[in-house]
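Participant: Sequence plus predicted model, see below.
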Amino acid sequence: MFRDVTFYIYFSLVLIQLVLSCFSDRSPLFSETIKDPNPCPESGASFLSRITFWWITGLMVRGYRQPLEVTDLWSLNKEDTSEQIVPILVKNWKKEYAKSRKQPVKVVYSPTDPAKPKGSSKVDVNEEAEALIVKSPQKERKPSLFKVLYKTFGPYFLMSFLFKALHDLMMFAGPEILKLLINFVSDQKAPDWQGYFYTALLFISACLQTLVLHQYFHICFVSGMRIKTAIIGAVYRKALVITNSARKSSTVGEIVNLMSVDAQRFMDLATYINMIWSAPLQVILALYLLWLNLGPSILAGVAVMVLMVPVNAVMAMKTKTYQVAHMKSKDNRIKLMNEILNGIKVLKLYAWELAFTDKVLAIRQEELKVLKKSAYLAAVGTFTWVCTPFLVALSTFAVYVTIDENNILDAQKAFVSLALFNILRFPLNILPMVISSVVQASVSLKRLRIFLSHEELEPDSIERRPVKDGVCPGSSAPGGLPLGLALRQSFLITFSVPEGSLVAVVGQVGCGKSSLLSALLAEMDKVEGHVAIKGVNLSGGQKQRVSLARAVYGDSDVYLLDDPLSAVDAHVGKHIFENVIGPRGLLKSKTRLLVTHGIRYLPQVDVIIVMSGGRISEMGSYQELLARDGAFAEFLRTYASGEQEQDSALETTIPLLLFLPGLGGISGPGKEAKQMENGMLVSDAVGKQLQSLLSVNSFPFMVKLSVYWGYMKAIGLLLSFLSIFLFLCNHVAALASNYWLSLWTDDPIVNGTQEHTEVRLSVYGALGILQGVTVFGYSMVVSIGGIFASRRLHLDLLHNVLRSPMSFFERTPSGNLVNRFSKELDTVDSMIPQVIKMFMGSLFSVIGACIIILLATPIAAIIIPPLGLIYFFVQ
């Protein structure tokens, strides 16, 4: 009695604990989520909420009611932020890169003739001369970016192995339960509770598989997101520190593709990379259960799979070749588009739109040629992938019924085997796709490794020494900063800058003023000695002002300013100098090295450095250099007259503009200011609308039907409806083959054998061939139609962008435009045709399954519509 009571108490407590685990605890007061105004609920979600993903329901409902905005999104978990992920990857890459560097040559000394036998020579054995022996250096190996990614993200990603293995094992419970259910239907004396039990068991097994599978996908998606974030961050950091020689080999287009296309390859691969080991495991388990069900005849199916291996290998090699060529063309196109967008003002000034359009389309044509070859290869690949499972089933059934007349293909053997063949279909279909994705990722991996291995600016090119007793070593000026460097022409330049002073660097064009600043920033190759905004297409003056504002906010001790007032108006430059750079500006206590041609600022600087021919010809204050009447005086005579003419022209032009309504934003009373650009009247409303059209945050999440219709028209209505017809024929043939197989299993058994076996097998094979032909047809049509749509959409995009007014480019970030031509266009090229095939295949499979269920059990019509509505609402 006591034992029973304690058991029930224990069971009740465990049940209460399960219920309480459904509710999450509040975060403690010292938790970081308390300070976050919109924290992610995942970290505080309960156990059941985590396994069912109920914690995301609120965001889904909000997105269903209205388009989501940035403020609606939760904050990232700390472990998912770039500031947490990127430094770890960069640190591991630096360690791997350091290990791969060539080891120093080992040098040892040894006697010239050790171990000489006694009496073999008259020379004294004590006299030993040392000889230099140089050991061969270790072969320099290339750093492994894959090893770095595994070290950085492997521990978390390894948890997906457990969930995937558990799901694969549970997946084979379905055919075994189906065998028990068929035996129950065949046995008229079996009790009814067995049928309910097997049905409930089949449902529970499917639910558990779903829970485990989506935990696996959650880990894979998060890992892919982290990998993409880390790669983008590492590439961006590398792009800021590579040398000028490295920038020649890695163009801007390549860098953009590395951060958009190549990084996305790894995110896509992370979802299915486990199929490399999971697919063979599923195949082995399926073949084992098929052996138990059909015996040695399954070896015929194994032979078919073995024959398909070299075919898949050849297609994988070809896919890699096409992928390399495709990425090369894409890099060239993005490079040219980036140059066009950066120089759009000059391009429109000279009306070069058509000429550059032809250049872009020529590169695009080469890219489409490679895409067309890839499309043909993808069509052949889809044909083999879809036909392989059917060929395995056909060959197995054919051998089973022909080797022995007593082999009966009854319902249990046929449909349990068919369930196992359906399980076999997914790994056989997905494995070649995963291999293709691995090949694409390997190409991206090599491109990233090459870029991350580029030489960086040497930080040792600049020596930072402490100031002792107010005087720097090697300097006679109190508090001076000794700066010395040797340029490529071996010009030794040495000078001292007093701390907190304003120093001007002047000289003729091409005398080396900017090179001096580049050398001080370690952007030039060091021989000996010490040593613009992107995104929005602003004007030159606006770029300089934004860059100067960023520098001021940086609060550095030393500022190197390369003519920051060259692109601004005279009165604006005077204002900036007086309030920022000058002796009474924000930077008055900082050390400033100013390269300038504006002679009006020179009387206010502390020291002037005059350069000529890459050397420092003079150095001193303004008054001292004037008294010498040397190179500085010559410089003043050269630029003074030009500056005076500019000032007089400005004084004449400004009053004239004041009396011209509609120009420069000046208008009469009560009238709206209007802008004239390239002979076109442009209003702010139009510019804002164009900007909002390309704003990432303004896109609604609901895609209108007109977008799908537009894509169908881009493909061609004939090809669109032809692909739908071929999809329909393929699934009708698949349903017909399953129905024919059911009729085959119902054939009466006469004298231990089935009649009409040859006819049944022939028709079953013919239906399979029909499936193969329609699969090849719709795959080819969708792939070719995708290329037609890609060509049309790119042409329209290029045409519309280049014909837009300048206000559009001034308001629209150039990064958005580059992404349209790189990331989004890559989605149109590669992803959308695959998604269409997957969607159409799933759609017709669901429709076919519903039709079969309704024909077999018409009462299911009561439950299918509500389930369909719920599914549609959730989606």
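Facilitator: On my side now, so go ahead.
Participant: drop to CA atoms for contacts and neighbour counts, all remaining ones
Facilitator: Noted.
Participant: Quickly note the distance from L354 to I435.
Facilitator: Here L354 is placed at a distance of 42 Å from I435 (CA to CA, to the nearest Å).
Participant: Show me which of the two is the more surrounded one.
Facilitator: Summary of the neighbour comparison: L354 and I435, criterion other CA atoms under 10 Å, with I435 having more neighbours (22 against 13).
Participant: Which residue, other than its chain neighbours, is closest to that one?
Facilitator: Counting by CA to CA, 6 or more residues apart in numbering, the nearest residue to I435 once its immediate chain neighbours are dropped is A316, at 6.9 Å.
Participant: Now do the helices in the stretch 501-650 of the chain.
Facilitator: Along the stretch 501-650 of the chain, the stretches classed as helices by DSSP state H, counting those that start in this stretch are 513-520, 540-554, 570-576, 622-628, 631-658.
Participant: hey, least reliable of the ones you listed by pLDDT?
Facilitator: Within those, the least confident segment by mean pLDDT turns out to be helix 631-658, at a mean of 53.
Participant: May I see the buried residues of the helix or strand harbouring I847?
Facilitator: Here I847 is covered by helix 832-856, with elements defined by DSSP states H and E. Neighbour-count burial for helix 832-856 flags 832-833, 837, 844-845, 848 (criterion: 16 or more other CA atoms under 10 Å).
Participant: Looks like A173 contacts A206 (just checking).
Facilitator: No. Between A173 and A206 no contact is recorded; they are 9.2 Å apart, counting by CA atoms under 8 Å.
Participant: hmm, back to that, quick one: list the elements packing against the helix holding I847.
Facilitator: Under the contact definition 3 or more CA pairs under 8 Å, 6 or more residues apart in numbering; DSSP states H and E, helix 832-856 sits against helix 717-745, helix 757-802.
Participant: hang on, the earlier thing: could the buried residues of helix 832-856 go into a markdown table alongside distance to M1 and pLDDT?
Facilitator: A markdown table is the format used below for these (distance: CA to CA, whole Å; pLDDT from 0 to 100):
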| residue | distance to M1 | pLDDT |
| --- | --- | --- |
| I832 | 68 | 87 |
| P833 | 69 | 86 |
| K837 | 65 | 84 |
| F844 | 60 | 86 |
| S845 | 57 | 83 |
| G848 | 58 | 83 |
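Participant: Would you check which pair of these lies furthest apart?
Facilitator: Pairwise distances across these (CA to CA) peak at 23.9 Å, for the pair I832 and G848.
Participant: And for K320, nearest residue in space, chain neighbours not counted?
Facilitator: In space, not counting the residues next to it along the chain, K320 is nearest to V439; the distance is 5.7 Å by CA to CA, 6+ apart.
Participant: Including mean neighbour count, could the helices and strands packed on helix 832-856 go into CSV?
Facilitator: Formatted as CSV, these follow (neighbours: other CA atoms under 10 Å):
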stretch, mean neighbour count
helix 717-745, 18
helix 757-802, 19
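Participant: which parts of stretch 242-251 are buried?
Facilitator: For stretch 242-251, a neighbour-count test (16+ other CA under 10 Å) marks 242-243, 246-247, 250 as buried.
Participant: still on that earlier bit, does the residue nearest to I435 count as helix, strand or coil?
Facilitator: For A316, the reduced secondary structure class is helix; criterion used: DSSP: H, G, I helix; E, B strand; the rest coil.
Participant: Going forward, the N-terminal residue is numbered 880.
Facilitator: Renumbered: residue one is now 880, and that last one reads A1195.
Participant: Quick check: it touching V1318?
Facilitator: Yes. With contact defined as CA under 8 Å, A1195 counts as touching V1318 (7.1 Å).
Participant: who has more neighbours, these two?
Facilitator: Looking at A1195 and V1318 with other CA under 10 Å, you find the greater number of neighbours at A1195, namely 22 against 19.
Participant: residue contacts, that one?
Facilitator: A1195 makes contacts with 1311, 1314-1315, 1318, as judged by CA atoms under 8 Å, 6 or more residues apart in numbering.
Participant: From those residues, which land in helices?
Facilitator: The members of those that map onto helices under DSSP state H are 1311, 1314-1315, 1318.
Participant: any chance of these in TSV, plus pLDDT?
Facilitator: Conversion of the ones in helices among the contacts of A1195 to TSV gives the following (pLDDT from 0 to 100):
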residue	pLDDT
P1311	71
I1314	79
S1315	75
V1318	83
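Participant: Take the residues you listed and lay them out in TSV including distance to F1600.
Facilitator: TSV is the format used below for the ones in helices among the contacts of A1195 (distance: CA to CA, whole Å):
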residue	distance to F1600
P1311	28
I1314	31
S1315	29
V1318	33
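Participant: May I ask which two of these are separated the most?
Facilitator: P1311 and V1318 (10.4 Å).
Participant: what's the helix or strand harbouring L1164 packed up against?
Facilitator: Using DSSP H and E, the element containing L1164 is helix 1154-1173. Based on contacts counted as 3+ CA pairs under 8 Å, 6+ apart, the elements that helix 1154-1173 packs against are helix 1038-1050, helix 1177-1221, helix 1290-1331.
Participant: now the angle between helix 1177-1221 and the last one, please.
Facilitator: By that I understand helix 1290-1331. Angle, helix 1290-1331 to helix 1177-1221, by axes from the mean of the first three to the mean of the last three CA atoms, to 10 degrees: 30 degrees.
Participant: Which neighbouring elements make contact with helix 1290-1331?
Facilitator: By 3+ CA pairs under 8 Å, 6+ apart, helix 1290-1331 packs against helix 1024-1036, helix 1052-1065, helix 1071-1120, helix 1142-1151, helix 1154-1173, helix 1177-1221, helix 1232-1281, helix 1596-1624.
Participant: Of the ones you listed, which is nearest G1747?
Facilitator: helix 1071-1120 (17.7 Å).
Participant: how many neighbours does L1186 have?
Facilitator: Summarising burial for L1186: neighbours were counted as other CA under 10 Å, giving 12.
Participant: And the one 5 residues further on, by the same measure?
Facilitator: By the other CA under 10 Å criterion, the neighbourhood of N1191 contains 19 residues.
Participant: quick revisit: could you identify the most distant pair in the buried residues of stretch 1121-1130?
Facilitator: For the buried residues of stretch 1121-1130, and using CA to CA, no pair is farther apart than T1122 and S1129, which are 10.5 Å apart.
Participant: Bridged to the closest residue to Y1438 other than its chain neighbours, which residues?
Facilitator: Taking CA to CA, 6+ apart, and ignoring the residues beside it in sequence, Y1438 has R1471 as its nearest neighbour in space, at 4.8 Å. For R1471, the beta-bridge partners under DSSP bridges are L1381, Y1438.
Participant: Look up how far S1380 lies from R1471.
Facilitator: On the measure of CA to CA, R1471 and S1380 end up 6 Å apart.
Participant: between those two, who's got more neighbours?
Facilitator: Each of R1471 and S1380 had its neighbours counted (other CA under 10 Å), and the higher figure belongs to R1471 (24 against 21).
Participant: Burial check on H1097, number of neighbours?
Facilitator: Other residues lying near H1097 total 15 when counted by other CA under 10 Å.
Participant: One more: the one 10 residues further on?
Facilitator: Around K1107 sit 23 other residues, with neighbours defined as other CA under 10 Å.
Participant: Quick check: it touching M1146?
Facilitator: Yes. Proximity of K1107 to M1146 meets the contact threshold set by CA under 8 Å, at 5.9 Å.
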